[in-house]
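Enquirer: Fold the following for me, if possible:
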Amino acid sequence: MPGARARRQRNQLVVGALFLLLLAGLVVVNQLASTSGPPIRWIENDLDAALARLSDPGHRVFLYLYEPNDPVHARNEREVFRQRWARTPLTRVVCCRIALGSDATSNRLRLEFNYQGKPLFLILTKSRVVTSRTEGAVTEKEFYTYVTEPANRARSIGP
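Expert: Numbers count the residues shown, from 1 in each chain. Below is the predicted model:
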């Protein structure tokens, strides 16, 4: 029965195509779920403005110092700050990122926070005391330890 064989092959192709379509849909849903979440509300290049937003001694600033052309910074933007596991806890703190250049302010920040040429993740009090610090190309576990946990211990800045 040549007709039955053709139908069976066609059915196998349809089942295979449906399986691949379902698999692709699951990949897309997983990607959207892991990279969704609230946007990070950065205060760009102005630590004083970020510190001024702290109205309670329990509030904190998340400070991210980086050099704009550093490939590790590009990796952090792509693989850390787009992830839900990074974006969600950052809603509890005031977020500031500063692109370091060759100006006097950048040099002062390098000295103040002991910047060693790798992107720097800091949690600060209103009086600029560092309560948590890590640097470089952080993993999810490092981010949780050095940013999420300290951010969760801080008083939330609200919506």
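Enquirer: A helix includes Arg8, no?
Expert: Yes: assigned with DSSP: H, G, I helix; E, B strand; the rest coil, Arg8 falls within a helix.
Enquirer: and it, what pLDDT?
Expert: pLDDT for Arg8: 73.
Enquirer: Kindly report the same for Leu32.
Expert: pLDDT, Leu32: 43.
Enquirer: same thing with Thr145?
Expert: 94.
Enquirer: In contact with it, which residues are there?
Expert: If you count contacts by CB atoms under 8 Å, 6 or more residues apart in numbering, Thr145 has them with Thr134. Where you see a C-beta, it was placed from the backbone N, CA and C, and this is true even at glycine.
Enquirer: and the spatially most central residue of the chain, which of the three is it?
Expert: By CA atoms, centre = their mean, the chain has its centre lying nearest to Phe81, at 2.0 Å. Secondary structure for Phe81, judged by three-state DSSP, is coil.
Enquirer: what's the nearest residue to it if we skip its chain neighbours?
Expert: Ile40 (6.1 Å; CB to CB, 6 or more residues apart in numbering).
Enquirer: quick one: contacts of the one helix or strand Leu111 maps to?
Expert: Element membership for Leu111 (DSSP states H and E) is helix 104-112. For helix 104-112, contacts defined as CB under 8 Å, 6+ apart pick out Leu47, Leu65, Ile98, Leu100, Tyr115, Arg128.
Enquirer: hmm, 7 Å instead?
Expert: Identification of contacts with helix 104-112 by CB atoms under 7 Å, 6 or more residues apart in numbering yields Leu65, Ile98, Leu100, Tyr115.
Enquirer: what's in contact with the strand or helix carrying the second one?
Expert: Counting by DSSP H and E, the secondary-structure element that holds Ile98 is strand 94-99. Judged by CB under 7 Å, 6+ apart, the contacts made with strand 94-99 from elsewhere in the structure are 40-47, 50, 53-54, 61-66, 68, 109, 157.
Enquirer: The residue nearest to the centre of the chain and Leu90, how far apart?
Expert: According to CB to CB, to the nearest Å, Phe81 stands 8 Å off from Leu90.
Enquirer: can you check Glu79 too?
Expert: For Glu79, the distance to Leu90 - CB to CB - is 15 Å.
Enquirer: In terms of neighbours, single out the busier of the two.
Expert: Neighbour count, other CB atoms under 10 Å: between Glu79 and Leu90, Leu90 has more, with 22 against 14.
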